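Undergrad: quick one, structure for this:
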Amino acid sequence: MPHAEQAAALAAQTSDVERYFILGSYHGLVADTAERGEAEREYRKAIAAYEALMRIKPDHYWGAANLAFDLLEVLSGPNRATAHAFARAAEIRPDDPSLNARAAGLLFQTGDVDDGRRYLRRAQAVASSSDFTSYTVGHLRASSVRS
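TA: Model (predicted):
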């Protein structure tokens, strides 16, 4: 991880957008290789950096996607923060079937059925039939019928 450490050290010399992205990426990388308690602390640092980034540049795809996945690591069970983070990432990149399917599933689990259906429809529209996401979309479709 020497390159990641060097990038984090140089982050102070960059724009705010770049700095927060570098710091979020660095802490996420450290979290991925850390023990459980340390991992959560590092993920929370990554989340704080990505939240700051998204306040400055709300359409930053990698900031939104990384924030969503880091929230998924830290917050247990279905929750609105993670669902809305995935929905935000899916709004930035609407042609990504995986993000739309993930947003749909989390929104359904948190009781936001109308928005869940909207993301499910979008995931269905952009997923290819051979794509793994098609399986996820089919599963979500079956789940949404029961909602």
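Undergrad: and stretch 96-110, C-alpha only, in PDB?
TA: Extracted as PDB, the C-alpha positions of stretch 96-110 are listed here (Å, rounded to 0.1, in the frame of the first residue of the first chain):
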ATOM      1  CA  ASP A  96     -25.900   0.700 -14.700                       C
ATOM      2  CA  PRO A  97     -28.200  -2.200 -14.100                       C
ATOM      3  CA  SER A  98     -26.400  -3.400 -11.000                       C
ATOM      4  CA  LEU A  99     -26.700   0.000  -9.200                       C
ATOM      5  CA  ASN A 100     -30.300   0.200 -10.100                       C
ATOM      6  CA  ALA A 101     -31.000  -3.300  -9.000                       C
ATOM      7  CA  ARG A 102     -29.200  -2.800  -5.700                       C
ATOM      8  CA  ALA A 103     -31.100   0.500  -5.100                       C
ATOM      9  CA  ALA A 104     -34.400  -1.200  -5.900                       C
ATOM     10  CA  GLY A 105     -33.700  -4.100  -3.500                       C
ATOM     11  CA  LEU A 106     -32.600  -1.800  -0.600                       C
ATOM     12  CA  LEU A 107     -35.600   0.500  -1.200                       C
ATOM     13  CA  PHE A 108     -38.000  -2.400  -1.100                       C
ATOM     14  CA  GLN A 109     -36.400  -3.600   2.100                       C
ATOM     15  CA  THR A 110     -36.800  -0.200   3.800                       C
END
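Undergrad: from the chain's centre, how far out does it sit?
TA: Centroid separation between stretch 96-110 and its chain, computed with Cα atoms, centre = their mean, to the nearest Å, is 11 Å.
Undergrad: tell me the mean pLDDT for the longest helix along the chain?
TA: Counting residues, the longest helix found in the chain (DSSP state H) is helix 36-56. Averaged over helix 36-56, pLDDT sits at 95.
Undergrad: now swap in stretch 116-131 and tell me
TA: Here the average pLDDT along stretch 116-131 is 85.
Undergrad: got it, and stretch 59-74?
TA: Computed over stretch 59-74, the mean pLDDT rounds to 96.
Undergrad: on that earlier part again, how far does the longest helix of the chain sit from its chain's centre?
TA: For helix 36-56, the separation from the chain centroid amounts to 12 Å (computed by Cα atoms, centre = their mean).
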